[in-house]
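Engineer: A structural model of the following input is requested.
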Amino acid sequence: MSRREEIERKTEALLTPIAEANEVRIYDVEFVKEAGEWYLRAYIDRDGGVDINKCVDVSHALSDALDEHDFIEEAYTLEVSSPGLGRALKKDRHFESSIGQDVDVKLYKAQDGTKEFTGKLKSFDADSITIESAEKDITFTRKEISSVKLTLDF
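Structural biologist: Next up is the predicted model:
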């Protein structure tokens, strides 16, 4: 397990009772370096969505817990937010809750002349995901996928 994954795992463990106390679900936790700066991001959700006040409450409680346990050596910025409408699907629980919804799939390399596909998420397993497009079902291996997000439909 990488250092980044260990930090995410420990943070999620600290966040679990905080999320329960605030009646929210943990959507994801990520520890990433962007433009030379480290960010610890916690995404929370609940039926009907989360508002800024709920994010602030969870952020204060998580910040206190992180200060108490002090397992991150790097300087970082803590962010707590909703995963948003066009949320990324990364974990099996994300795919499970999104079966039947429209998704945008982006590939590393073009397939049939394109890198982007849209369709209803039909199924997934450890190695692949299948979407139902207007023409046919398309299966992608997870290794060839750069991202999967819920489709924003305005």
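Engineer: rest of the way, CA atoms for contacts and neighbours
Structural biologist: OK.
Engineer: Quick check: K122 vs Y76, distance?
Structural biologist: Separation of K122 from Y76 (C-alpha to C-alpha, to the nearest Å) stands at 38 Å.
Engineer: Which of those two has more residues huddled nearby?
Structural biologist: K122 (20 against 15; other C-alpha atoms under 10 Å).
Engineer: for the more buried one, what are its contacts?
Structural biologist: Contact partners of K122, counting by C-alpha atoms under 8 Å, 6 or more residues apart in numbering, are I99, G100, I129, T130, I131, E132.
Engineer: Just the buried positions in the strand or helix carrying K10, please.
Structural biologist: K10 belongs to helix 3-21 when assigned by DSSP states H and E. Buried residues in helix 3-21, counting neighbours by 16 or more other C-alpha atoms under 10 Å, are found at I7, E8, R9, T11, E12, L14, L15, I18, A19.
Engineer: try stretch 139-154
Structural biologist: In stretch 139-154, counting by 16+ other C-alpha under 10 Å, buried: F140, R142, I145, V148, K149, L150, T151.
Engineer: so what's the third one bridging to?
Structural biologist: Residues found in beta-bridge contact with I145 (criterion: DSSP bridges) are L107.
Engineer: Let's see the helix holding K10 as CSV, backbone CA atoms only.
Structural biologist: Below are the C-alpha coordinates for helix 3-21, written out as CSV (Å, rounded to 0.1, in the frame of the first residue of the first chain):
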residue,chain,number,x,y,z
ARG,A,3,1.8,6.3,1.5
ARG,A,4,-1.0,8.1,-0.3
GLU,A,5,-3.3,5.1,0.1
GLU,A,6,-2.4,4.7,3.7
ILE,A,7,-3.2,8.3,4.4
GLU,A,8,-6.6,8.0,2.6
ARG,A,9,-7.4,4.8,4.6
LYS,A,10,-6.5,6.3,8.0
THR,A,11,-8.4,9.5,7.1
GLU,A,12,-11.5,7.5,6.1
ALA,A,13,-11.3,5.6,9.4
LEU,A,14,-11.3,8.9,11.3
LEU,A,15,-14.1,10.3,9.2
THR,A,16,-16.4,7.3,9.6
PRO,A,17,-17.8,8.2,13.1
ILE,A,18,-17.8,11.9,12.2
ALA,A,19,-19.9,11.2,9.1
GLU,A,20,-22.3,9.0,11.1
ALA,A,21,-22.7,11.7,13.8
